[in-house]
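>>> got a predicted structure plus its sequence, pasted below:
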Amino acid sequence: MILLWQLFLAFFIPGILGYGGGPASIPLIENEVVGHYHWMSVPHFSNVLAFGNALPGPIATKMAGYIGYDVAGILGSFVALVATVAPSLILLIVLLGLLERFKDSPKIKRLTLFIRPIIVVMLGMMAWNFFVASEQESGWIPMIFIGVASFVLMQRFRVHPAFVVGGALLIGAVFLG
């Protein structure tokens, strides 16, 4: 039980202090896992980091899952994952509670009006980066085909976006991989 508590702390503390997401938390996680608890050596931690970077998704949760499993099995993996996402989840719940409490405030309404264009620009930049990366990886023809097919499936035939994404992944794996 003490080991699970230590595992929780080893990932909860970097989750609180690692402002900036997973990459900002990596040195803090290393300090806990290698320096404080001595569960891994530096080369072993480096291999876990390299392996985590090779997989898709957030790096901190992948590392938490692996290190938790390595230290304390399946329950350790679960505890480390919960500890990694708990700080963000707690903060999100608190902020949503505040937003709900003050949703009728003119200042909050004005703030949300100012935030919307920023979100649109950020989503546009992300879409542009995906567009450029997709063109470089697979070329124009598959990119345009998948884009047009996705648009038609979602707009004309009302296919759920999850199925469209799954189909695009399948096309990429079979024909472009």
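It's in.
>>> domain assignment for this protein?
Domain ranges of the chain: 2-101, 106-176, per automatic domain parsing.
>>> worst mean pLDDT among the ones you listed?
Ranked by mean pLDDT, the domains of the chain bottom out at domain 106-176, with a mean of 86.
>>> just to revisit the earlier point, can I get the domains of the chain in TSV including mean neighbour count?
C-beta here means a position set from N, CA and C on the backbone, and glycine is covered the same way. Formatted as TSV, the domains of the chain follow (neighbours: other CB atoms under 10 Å):
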stretch	mean neighbour count
domain 2-101	16
domain 106-176	12
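>>> which secondary structure element contains Tyr66?
Tyr66 is part of helix 59-101, with elements assigned from DSSP states H and E.
>>> next helix or strand past that helix?
Per DSSP H and E, the helix or strand that comes after helix 59-101 is helix 106-138.
>>> how far does that next one sit from its chain's centre?
Distance of helix 106-138 from its chain centroid, counting by CA atoms, centre = their mean, to the nearest Å, is 17 Å.
>>> by how many degrees do it and helix 59-101 diverge?
150 degrees (axes from the mean of the first three to the mean of the last three CA atoms, to 10 degrees).
>>> and the next helix or strand after helix 106-138, what does it pack against?
Reading on from helix 106-138 to the C-terminus, the next helix or strand found by DSSP H and E is helix 140-155. Applying 3 or more CB pairs under 8 Å, 6 or more residues apart in numbering; DSSP states H and E, we find helix 140-155 packed against helix 106-138, helix 161-171.
>>> out of the ones you listed, the one nearest Phe78 is which?
helix 161-171 (25.5 Å; CB to CB).
>>> give me the contact list for that closest one.
Pro142, Ile146, Ser150, Leu153, Met154 (CB atoms under 8 Å, 6 or more residues apart in numbering).
>>> got the CA positions of the helix or strand hosting Ala24 in CSV?
For Ala24, the element it lies in under DSSP H and E is helix 22-30. The C-alpha coordinates for helix 22-30 follow below in CSV (Å, rounded to 0.1, in the frame of the first residue of the first chain):
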residue,chain,number,x,y,z
GLY,A,22,3.7,16.2,-20.5
PRO,A,23,7.0,17.5,-21.9
ALA,A,24,7.3,20.0,-19.0
SER,A,25,6.6,17.2,-16.5
ILE,A,26,9.3,14.7,-17.8
PRO,A,27,12.2,16.2,-15.8
LEU,A,28,10.0,16.2,-12.7
ILE,A,29,8.9,12.6,-13.3
GLU,A,30,12.5,11.6,-13.8
